[in-house]
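Student: Compute the structure for the input listed below.
(chains A and B)
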Amino acid sequence: MRFSRTFIPTTKETPNDAVLKSHILLIRGGYISSVASGLYNFLPLGKIALDKIRAIVKEELDKAGCVEVDLSFVTPSELWEESGRLGKFGAELLKFRDRKENLFVLGPTHEEMMVNLVRNQITSYKQLPQNLYQIKTKFRDEARPRFGLMRGREFLMKDGYSFHETEEDMKREFELMEKTYSKIFSRLKLDFRVVDADSGAIGGSGSKEFHVLADSGEDTLVVCDSCDYGANIETAKRAEPEAPETVPEFEGDLRFHTPNLKSIEELSRFFRVEPYFLLKAVVKKAIFEDREEIVVFFLRGSDELEETKAVGTVGALELLDATEKEISEAGLIAGFIGNRNLEISHYFDNSLKGAKHLISGANEIDYHLIGTEVESGNFADLVLVKEGDRCSCGGNLSYKKGIEVGHIFQLGTKYSESMNANFLNREGKSTPFVMGTYGIGVSRILAGIVEQSGDELGIVLPESVAPYKFNILVSNSKNGEQMRFGEKIYEDLRSCGEDVILDDRKDRFGAKIKDAELIGFPYTIIVGKSLSDGEVEIFHRAEQRKEKISVLDLESRLENL
RNA sequence: CGGGGUGUAGCUCAGUAUGGUUAGAGUACUUGGUUUGGGACCAAGGGGCCGAAGGUUCGAGUCCUUUCACCCCGACCA
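Tutor: The predicted model follows:
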């Protein structure tokens, strides 16, 4: 490609509506342009890069035995009613009617469509397993699109769905997909982590996310420094912390006057007791589909509540902070809440199983109980894992920020049951498919790569993704000798099948090299004034290094890049 | 959906507290000339419904009302 003939609108200024590095650089580099909130055009460079990522995804999936399809983007609302997700997905679904007043949905994900495709077509265990995927535009009417390609409304996603005879076979495929995804992200030269994830409302026994590590990531990951444990903070586990050495000797629910002492800190100081031995009560209002309820979560005073875990524990749609009014209406006294004689729903964190020598609220104003115990109740993992907590391997846990680029899911029979998608098993019995579902955010990967490797000069892309591996920069395009030599390398590389672009624009050297740095061509061959001495330079973008080389050695040097 | 901010040339922004020539700069663009290794210089040009609608006024980019769009923080995010 000749630079002068393609369309690469680079800008010197950073666009006023971009904040994130990847967003700024992709726009400045002429990869994308914005259309409306959460909507982007892919310009020639962006399109090529996206296609290259897409090709890698496809290649690895096909190797793993997956089969590509392409389902219609516009999906009939009936399918969504059938699965029960029309209301649940809510405002994120972009709905509209056709001229006959039929309701349609722009696909945000395609479980329904895919189940609909295979049901009544795959009818026997002999046709299983099957793993179908597509790489296709999705649309989610996000409440707040942001960060450019990172969280757009329209985006390119690979979504795959597998169908199995048994749970075991689905798990086998799940593991295969984990390996396949890891290969894909490795080929894309991403620094990524596979972590345990919250299965969420969708259910299922296992879910893993693939995160590109980057400070700008929206998710917090808990990772171990000595084993390969990693988890989204929403589901992260830790080894039980060791109890402090000084154990308070209180026993037997002694009522103690504690006027106005409400916070963990105040109580800890007053009683000279580690927060570990205080019973912390967190009051929330749980919202269910048909009702609301005040719920109390008990933790050790040294711990904090992880809300996603709490939501899962009570099976609520969401948890809101309870207001003072709601707390007192529920018969609770803020600051003095304890587990004794507590009428309303409450849950204990697992770390409180069999806990003794505790100090808790007495459910009575200005009184606490000392030496109380937790004997029985509903226990669950509720705790927010903190940096510095111990991993079960003994290592140290710390936080990292991640950009979610992949998510694999053991779905089970949720959709096949609700949508009546069955097959005949070996016993001749009609059975719902056991399903897995696997997603990759293809356009988000492009943002993730730039986020992770972009530097102060601009974009840095791995060769596997870069639109052009070689950029031939003719320093002075009016200089016949330079231009002829540039043309020659250009033709040579092209005939070798390399992705190469010839910067034949009439700009000066400074402007062209700035663009080369911004766009991030892996190698820029600078044909300049030293050509008369028989030399050119190769600029290595990632290392920001210039290499002088004799024109005689150029060909063999380029072959080895 | 709550809170905040911004809309003026392709892009980045002045101008708006206090209304008043023909609305500015930089950059980008066109033409001519000089220049040619780190976003050149000189000269001459083209480019604006001042987000939209309504209002106040002799007069509105500027004041008032309504509205739309975009961005940020939060809520939300299979």
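Student: For the host helix or strand of A:Lys546, name the packing helices and strands.
Tutor: Element membership for A:Lys546, per DSSP states H and E: strand A:545-550. Applying 3 or more Cβ pairs under 8 Å, 6 or more residues apart in numbering; DSSP states H and E, one finds that strand A:545-550 makes contact with strand A:535-540. All C-beta atoms are positioned from the backbone trio N, CA, C, and that covers glycine.
Student: So in that sheet, which strands flank the strand it packs on, and in what orientation?
Tutor: As defined by DSSP bridges, the strand partners of strand A:535-540 come to strand A:523-527 (antiparallel), strand A:545-550 (antiparallel).
Student: now these as a markdown table including mean neighbour count and distance to A:Pro76?
Tutor: A markdown table is the format used below for the strands paired with strand A:535-540 (neighbours: other Cβ atoms under 10 Å; distance: least, Cβ to Cβ, whole Å):
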| stretch | mean neighbour count | distance to A:Pro76 |
| --- | --- | --- |
| strand A:523-527 | 26 | 50 |
| strand A:545-550 | 12 | 56 |
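Student: Start and end of stretch A:499-508, how far apart?
Tutor: One end of stretch A:499-508 to the other measures 24 Å (Cα to Cα, to the nearest Å).
Student: and that stretch, which residues are buried?
Tutor: Residues of stretch A:499-508 classed as buried: A:499-505, A:507 (neighbour count, 16 or more other Cβ atoms under 10 Å).
Student: same check, this time on stretch A:16-34
Tutor: A:18, A:20-32, A:34.
Student: Could you list the domains of chain A?
Tutor: A:21-195+A:418-451, A:254-380, A:470-559 (automatic domain parsing).
Student: Quick one, which of those domains gets closest to RNA strand B.
Tutor: domain A:470-559 (2.2 Å; Cβ to the nearest atom of the strand).
Student: need the contact list for A:Glu218.
Tutor: A:150-151, A:401, A:403-404 (Cβ atoms under 8 Å, 6 or more residues apart in numbering).
Student: for A:Ile403, that is, sorry about that
Tutor: A:150, A:211-212, A:214, A:216-219, A:444, A:447-448, A:451.
Student: repeat that with 6 Å
Tutor: A:212, A:214, A:217, A:448 (Cβ atoms under 6 Å, 6 or more residues apart in numbering).
Student: if we can go back for a sec, taking the contacts of A:Glu218 together, which two end up most distant?
Tutor: Largest separation among the contacts of A:Glu218 by Cβ to Cβ: A:Arg151 and A:Lys401, giving 14.5 Å.
Student: so where's chain A shaky on pLDDT?
Tutor: A:199-205 (pLDDT under 70).
Student: which one's the longest strand in it?
Tutor: strand A:397-412 (DSSP state E).
Student: which residues of chain A fall in helices?
Tutor: A:21-28, A:44-63, A:77-83, A:85-89, A:111-118, A:167-187, A:264-271, A:307-314, A:324-329, A:414-418, A:442-453, A:480-495, A:509-519, A:551-559 (DSSP state H).
Student: and the angle for the fifth one with strand A:397-412?
Tutor: When you say that, I think you mean helix A:111-118. 30 degrees (axes from the mean of the first three to the mean of the last three Cα atoms, to 10 degrees).
Student: in the sheet, who's paired with the spatially most central residue of chain A?
Tutor: Closest to where the C-alpha atoms of chain A average out (Cα atoms, centre = their mean) is A:Glu404, at 1.3 Å. Beta-bridge partners of A:Glu404, counted by DSSP bridges, are A:His211.
Student: ok, it - contacts?
Tutor: So A:Glu404 contacts A:209, A:211, A:219 (Cβ under 6 Å, 6+ apart).
Student: Tell me the spatial nearest neighbour of the first one, not counting adjacent residues.
Tutor: Pointing back at A:Glu209 there. Spatially, and ignoring its direct neighbours in sequence, A:Glu209 is nearest to A:Ala197 (4.2 Å; Cβ to Cβ, 6 or more residues apart in numbering).
Student: before we move on, what about the last one?
Tutor: Leaving aside its chain neighbours, A:Asp219 sits nearest to A:Gly402 (4.8 Å; criterion: Cβ to Cβ, 6+ apart).
Student: Give me the neighbour count for the one you found.
Tutor: Residues lying near A:Gly402 (other Cβ atoms under 10 Å) number 26.
Student: and the residue lying closest to A:Pro259 once chain neighbours are set aside, how many residues sit next to it?
Tutor: Nearest residue to A:Pro259, sequence neighbours excluded (Cβ to Cβ, 6+ apart): A:Asp366, at 4.7 Å. By the measure other Cβ under 10 Å, the count of residues near A:Asp366 is 15.
Student: doesn't A:Leu261 make contact with A:Asp366?
Tutor: No: in terms of Cβ atoms under 6 Å, A:Asp366 does not count as a neighbour of A:Leu261; the distance is 8.0 Å.
Student: Quickly list what's touching both of these two.
Tutor: Residues touching both A:Asp366 and A:Leu261 (Cβ under 6 Å, 6+ apart): there are none.
Student: re earlier: can you name the two of the contacts of A:Ile403 that sit furthest apart?
Tutor: Largest pairwise distance in the contacts of A:Ile403, by Cβ to Cβ, is 8.6 Å, between A:Gly217 and A:Gly448.
Student: These two - which one has more neighbours?
Tutor: A:Gly448 (29 against 20).
Student: Please list the residues of the stretch 451-561 of chain A that sit near RNA strand B.
Tutor: A:457, A:475-476, A:478-479, A:507-511, A:513-515, A:517-518, A:526-531, A:536-537, A:539, A:546 (Cβ under 7 Å from any atom of the strand).
Student: Please list only the buried members of the residues you listed.
Tutor: Neighbour counting by 16+ other Cβ under 10 Å classes A:475-476, A:479, A:507, A:513, A:515, A:517-518, A:526-528, A:531, A:536-537, A:539 among those as buried.
Student: neighbours around the residue nearest to A:Asp169 when sequence neighbours are not counted, how many?
Tutor: Counting by Cβ to Cβ, 6+ apart, A:Pro129 is the residue found nearest to A:Asp169 once chain neighbours are left out, at 5.7 Å. Neighbour count for A:Pro129, taken as other Cβ under 10 Å: 19.
Student: so A:Pro129 touches A:Glu165, yeah?
Tutor: No: with contacts counted by Cβ under 6 Å, A:Pro129 stays clear of A:Glu165, the gap being 7.1 Å.
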